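sharing a model prediction with you, sequence too.
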Amino acid sequence: MLFRSPEGEVVRVKIGFSWQAFFIGSLKAGVRRTWVIAGVACVAFLLYAWQGKATASSRTMALLLALGCLYVGYMTFCGLYGNRWLVSSLLRRGFRKVGEEKG
């Protein structure tokens, strides 16, 4: 899809899965102050490890695996909806859809 700003700038938005949102989704979330949650979690883990309770047990590995799966699910969600979010952002900023590129 092609969008044009009131100043004449043209932006092309691909329809479908956004690989950029998939790979950079968490970085963008970090910039949007999600880093506070990550910082609190990191401090909590460091305090837990400092007490000597963080050991490499099967329970810890299962938790890490579950968190990894949740992260991949989150990144997939960002990839699926990334282009839709971009279109919404462009429309809010005054861009208008001018057509679709054949490709």
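Structure's in. What do you need?

which stretches in this structure count as helices?
Along the chain, the segments classed as helices by DSSP state H run 19-29, 35-50, 58-92.

so which residues make contact with stretch 14-27?
1, 28, 71, 74-76, 78-83, 85-86 (C-beta atoms under 8 Å, 6 or more residues apart in numbering). Quick note: C-beta positions are derived from backbone N, CA and C, even for glycine.

stretch 82-92: how far from the chain's middle?
Centroid separation for stretch 82-92 versus its chain: 14 Å, with C-alpha atoms, centre = their mean, to the nearest Å.

if we go by neighbour counts, what in that stretch is buried?
By neighbour count on 16 or more other C-beta atoms under 10 Å, the buried set for stretch 82-92 is Gly82, Asn83, Leu86, Val87, Leu90.

backbone torsions only: list them for Val13.
Per-residue torsions, Val13: phi -120, psi 120 (degrees, to the nearest 10).

roughly how far does it sit from Glu100?
Computed with C-beta to C-beta, to the nearest Å, the distance linking Val13 and Glu100 is 10 Å.
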